[in-house]
Structures are given as structure tokens and as C-alpha cells.
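Undergrad: with the input below, show me the fold.
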Amino acid sequence: MTTLGLSLDWHREPPGLRLKRVLLESFSPKEALLGAVAFLLSAAVSGLITLWVVLRLPEDFLVQDRPPLPLPGYAPWVRWLGQLGLNGLGLVVIALGVLMALPGVPGQGLLTILLGMLLLRFPGQRRVVRWLLCRRPIAHAIARW
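TA: Numbering: from 1, shown residues only. Next up, the predicted model:
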């Protein structure tokens with residue numbers, strides 16, 4: 001007897017086999033192919049965007065004592081709004097990076113979190129970014145590019 005694709009003696013099946021059976025019964029081949037294409041496409045796009053932003057950073061970005069002001073030459077209130085926008089965008093990018101760092105979600109999660117940290121402005125930001133860059137998973141991911 002089965003209910004919603006699960007047998008009543010589900011506890012006797014190995015967990016991996018149970019998951020495989022439920023997934024195979026839940027998706028048609030067309031849906032599975034569409035999901036795989038979406039997975040690969042989103043992983044490629046997120047990786048390319050992250051690569052593009054990181055490669056556009058100035059060489060001395062982390063060496064400078066103070067970050068450059070956004071929108072130089074504009075009125076202080078315009079620069080303040082620009083900074084507020086950058087901080088908001090940085091928080092969104094960090095949230096997306098945390099989501100991408102989860103298993104089964106496509107994308108470069110740790111690099112996207114680093115990218116979000118580069119957008120934020122807070123006291124000690126450069127020190128935190130330097131510390132993150134020294135972490136082994138991030139350093140290896142950057143070295144592969």
C-alpha cells in the first residue's frame with residue numbers, strides 16, 4: 001500500500017534508495033532535463049558575473065587605507081544615497097551567496113559572499129575581506145580562475 005508515492009514500510013528501505021525512488025516517480029524526463037538545464041545555466045551565469053566583478057577591481061583595492069567614495073564630484077547627499085544603494089546591493093548579494101552555498105543549489109556561494117562583502121562599507125571591511133581571501137576554499141576558487 002502506498003500513500004503519496006511512499007510505501008508504508010518506508011523504514012525498511014535504505015534512505016538513498018527511497019529518495020531516488022521518490023524523485024524518479026515525481027518528475028518526468030522532460031521536467032528533469034529542464035531542471036538540469038536551469039541548474040547549469042544559473043551556475044554558469046553566476047560564476048561569470050562574479051568573475052567579471054572580481055576581475056574589474058583595481059589592483060590596489062585591498063591595499064588602500066580608505067575605500068574610494070562612491071560618485072566622486074557629486075553632492076554629499078547623492079554620494080550618501082549611492083553608498084546606501086551599494087550597502088543594500090551588498091546585503092542582497094551576500095544573501096544570494098549564502099543561498100548558493102547550500103548543497104544542491106547552483107553557483108559559487110563563497111565567492112558571491114566575498115563579492116557582497118566587497119560592496120559593503122563598514123569599519124574594518126578591508127581587514128575582513130583580506131581575512132576571507134586567505135581562507136583556503138576561497139583562495140583555491142580564485143586560483144582556479
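Undergrad: tell me the SS of Q64?
TA: Look at Q64: counting by DSSP: H, G, I helix; E, B strand; the rest coil, its state is coil.
Undergrad: could you measure from it over to K20?
TA: According to Cβ to Cβ, to the nearest Å, Q64 and K20 sit 52 Å apart. In short, each C-beta sits where N, CA and C put it, glycine included.
Undergrad: what's the answer for A38, then?
TA: According to Cβ to Cβ, A38 and K20 sit 21 Å apart.
Undergrad: would you mind measuring from the residue nearest the centre of the chain to N87?
TA: The geometric centre of the chain, computed from its C-alpha atoms, lies nearest to G97 (Cα atoms, centre = their mean), at 2.5 Å. Between G97 and N87 the distance, using Cβ to Cβ, works out to 15 Å.
Undergrad: now do the helix ranked longest in the chain: distance to the chain's middle.
TA: Ranked by residue count under DSSP state H, the longest helix found in the chain is helix 29-55. Helix 29-55 has its C-alpha centroid displaced from the chain centroid by 12 Å (Cα atoms, centre = their mean, to the nearest Å).
Undergrad: tell me the first helix or strand C-terminal of that helix.
TA: helix 76-100 (DSSP states H and E).
Undergrad: who are the packing partners of that following helix?
TA: Judged by 3 or more Cβ pairs under 8 Å, 6 or more residues apart in numbering; DSSP states H and E, helix 76-100 is in contact with helix 109-119.
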